[in-house]
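# prediction below, plus the sequence it came from.
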Amino acid sequence: MPNRLAHATSPYLLQHAHNPVDWYEWGAEALAKAVAEDKPILVSIGYSACHWCHVMERESFENADIAQIMNEHFVCIKVDREERPDIDQIYMDAVQAMKKNGGWPLNVFLTPRQEPFFGGTYFPPRNWSQLLLQIHQAFVQRRAEINESAASLTEHLNTSDTQRFAREQAGQPDAAALDAMFTELKNRFDTTWGGIDKAPKFVMPTVWQFLLRYYTRTKNNEALQMVVLTLEKMSNGGLYDPLAGGFARYSVDGEWFAPHFEKMLYDNAQFLALYAEAYACTRNERFRKIVIETAAWLANEMTHPEGGFYSALDADSEGVEGKFYTWPLEEWEAVVGKGAASTQLFQLSASGNWEHGRNILFRQPGGVWENEAEEKPRLLAARAQRVRPGLDDKVLAGWNAMAISGLATAYRYVQSPDLLQQAERALKFLETHMIDNGKLYRSYKNKRGSTEGFLEDYAFLIQAYMALYQATFTESYLQHAKLWTEYVLHHFHDAHDGYFHFTSLHAEQLIARKKEIFDNVIPASNSVMAANLLRLGVLFDHHEWTQLATRMCAQLGEVTRAEPVHMSNWGMVASELIHGFAEVVIIGNSPSTIRSEWDEHFHPFALLMGTSGESELPLVRERTRIANQDTLFVCYQRTCQWPVHSVAEARKLLR
């Protein structure tokens, strides 16, 4: 007999629809029940591709005796963190404020007023059942103490990170701040394996994008080599799938060997841009190949028939983590033959280099797969016969927008038309299915969800429109970016401190309204908005927007210098403020052809504009070809240098 989650749209919630737990979705019915019956709320938060979420479900939530305890003493609510990051954000902060490690599944106990008083992550079944009884007993016997503790914690949750870290009197970002960020990153760098020197290893793509920009500005070759080493080691290790393309979420060790096998859209969206930019800097053909393969993985395994991108592939199949991606030696040799060079290249052994006698494909450094064209299709065909990992086939607005930006950026440097086609199809999906009546909605699964997009969704959508304009010079993309920015300023902006709330004015009022400032694996929505405001301020000559971006960045200067790993996207905004943008205007019969030549090199501090006809952009309006030739104008702060007629000449005019 299914529970209430059978009516959910979230694949994660649907996975729990046949649990004996009397689960509710987050909403008025469950919250009212908690008040009416004066019961504590148990909020269990996870996501479809979460390995330990599956383990806890199997061990505890499918156990009838444990479910009976949960049903008798609690109002039990299941939340998909990817559909409701606002709820996840609040209660993750609460658990971390309790001095406990964060992670998923996240299990938090609340008063009937939604105020948290205890929480944690994964619990083994015996510990979980004991905890449930202890929490129930404490709620009955020590209610006043719990209420007091929960109220105090809720007050803490309502103290914004901007109150803690923003400094109103902070000065403008300067080159010394960027040097300090580089020095700190260098001190934390793993000089053997790349990445930040710790385990587990998350990639943090904006760290390496910041270093590419630092190298471009300073010509400090050490910064470039940090990026190159990291990208080479990541693509050799088990983190990258050499058969189908695409990266796993993180490495559990320090050598990129054993991944947590789930593949997330948001990671791979950023890898497209990162590897494409690194290719533009180095002309390393391996980097270009990874871009093409990762985009192909998106097309083959992660794309809705109408062009949107799905959210994630699970780590598990047949209840075993990584089983789909790993190989017993005999299965591998049955496809490629005994003694094949690829067996040694990927370091397979009879005993296995991982669990259960299986092998993670781990490429020898510098090794070349000589028979790749012949062997890879056969290996993929053999792997396709296995039970596939679960697919989270909901479409999330913000993650799709990240993928659109990644594909558009990759198209510019790799110059493969398929990448642009993928990006524009995905944007069409968002515009058709996830924008309605002047609002962007968070998710789609057979139908549009009812939750309005969060700042993350709007910020990445604006970024995506700008990235597509840079790749195509289709001016309507920029006009859409401008309109959505105006919407965000009206519905999310806090004029008091200059930053943006994560939720809109119209959103459900939770116990706290958060502002996201720290960059994580996904950059902070406020840092993305600061970058958007800076770029659109230049493109539309909108001085108030550039000033707002400058203020946002400047007030966080102190923490940006001290914590470059978690402020790296802010570091990129600071780099752009310090270096300034070259405003490059291309007027010609085929401006996209000229842009393609321009993008044969990496120029991160240039904003391109182009037209073959009329334009509404301030810097392009009324400009024409000179001497009936294609003409390029290189400007700084709307002051243009003498027009030139070739990309080579224009490059000489860059600072």
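Looks like it came in fine.

# remind me which residues of this protein are low pLDDT?
169-171 (pLDDT under 70).

# so for Val488, what's the nearest residue that isn't a sequence neighbour?
Tyr458 (5.0 Å; Cβ to Cβ, 6 or more residues apart in numbering). Quick note: C-beta positions are derived from backbone N, CA and C, even for glycine.

# if I look at the one you found, how far off is Asp494?
Taking Cβ to Cβ, to the nearest Å as the measure, Tyr458 falls 15 Å from Asp494.

# between these two, who's got more neighbours?
Tyr458 (28 against 13; other Cβ atoms under 10 Å).

# distance between the strand or helix carrying the more buried one and the chain's centre?
Assigned by DSSP states H and E, Tyr458 falls within helix 455-472. Chain-centre distance of helix 455-472: 14 Å, with Cα atoms, centre = their mean, to the nearest Å.

# so which elements touch the host helix or strand of Asn127?
Element membership of Asn127, judged by DSSP H and E, is helix 125-141. Applying 3 or more Cβ pairs under 8 Å, 6 or more residues apart in numbering; DSSP states H and E, one finds that helix 125-141 contacts helix 64-73.

# could you spell out the sheet neighbours of the helix or strand just after the helix it packs on, each with its direction?
Sequence-wise, the next helix or strand downstream of helix 64-73 (DSSP H and E) is strand 75-80. Using DSSP bridges, strand 75-80 pairs in its sheet with strand 24-25 (parallel), strand 41-46 (parallel).

# next secondary structure element downstream of the helix holding Asn127?
helix 143-157.

# for that following helix, which positions count as buried?
146, 149-150, 153-154, 157 (16 or more other Cβ atoms under 10 Å).

# which strands and helices sit next to that helix?
Helix 143-157 packs on helix 85-97, strand 116-120, going by 3+ Cβ pairs under 8 Å, 6+ apart.

# out of the ones you listed, nearest to Gly580?
helix 85-97 (34.2 Å; Cβ to Cβ).

# what's the very next helix or strand once past the closest one in contact with?
Going down the chain from helix 85-97, the next helix or strand is strand 106-110, by DSSP H and E. Here strand 106-110 makes contact (Cβ atoms under 8 Å, 6 or more residues apart in numbering) with 34, 40-46, 74, 81, 88, 91-92, 94-95, 116-121, 123, 135, 150.

# neighbours of Ala296, just the number please.
16.

# which other helices and strands contact whichever strand or helix holds it?
Secondary-structure assignment from DSSP H and E places Ala296 in helix 285-301. Under the contact definition 3+ Cβ pairs under 8 Å, 6+ apart, helix 285-301 sits against helix 221-236, helix 265-282, helix 397-414, helix 417-433.

# using CSV, write out the CA atom coordinates for stretch 294-313.
What follows is stretch 294-313, C-alpha atoms only, in CSV (Å, rounded to 0.1, in the frame of the first residue of the first chain):
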residue,chain,number,x,y,z
THR,A,294,31.2,15.0,-21.6
ALA,A,295,28.8,16.8,-24.0
ALA,A,296,28.2,13.5,-25.7
TRP,A,297,27.4,11.9,-22.3
LEU,A,298,24.9,14.6,-21.7
ALA,A,299,23.3,14.1,-25.1
ASN,A,300,23.2,10.3,-24.8
GLU,A,301,22.2,9.7,-21.2
MET,A,302,20.9,12.9,-19.6
THR,A,303,18.7,14.6,-22.1
HIS,A,304,14.9,14.8,-22.1
PRO,A,305,13.4,14.2,-25.6
GLU,A,306,12.7,18.0,-25.9
GLY,A,307,16.2,19.0,-24.9
GLY,A,308,16.2,19.7,-21.2
PHE,A,309,18.8,17.9,-19.0
TYR,A,310,18.1,15.4,-16.2
SER,A,311,19.6,15.9,-12.8
ALA,A,312,21.7,12.9,-11.9
LEU,A,313,22.7,9.3,-12.3
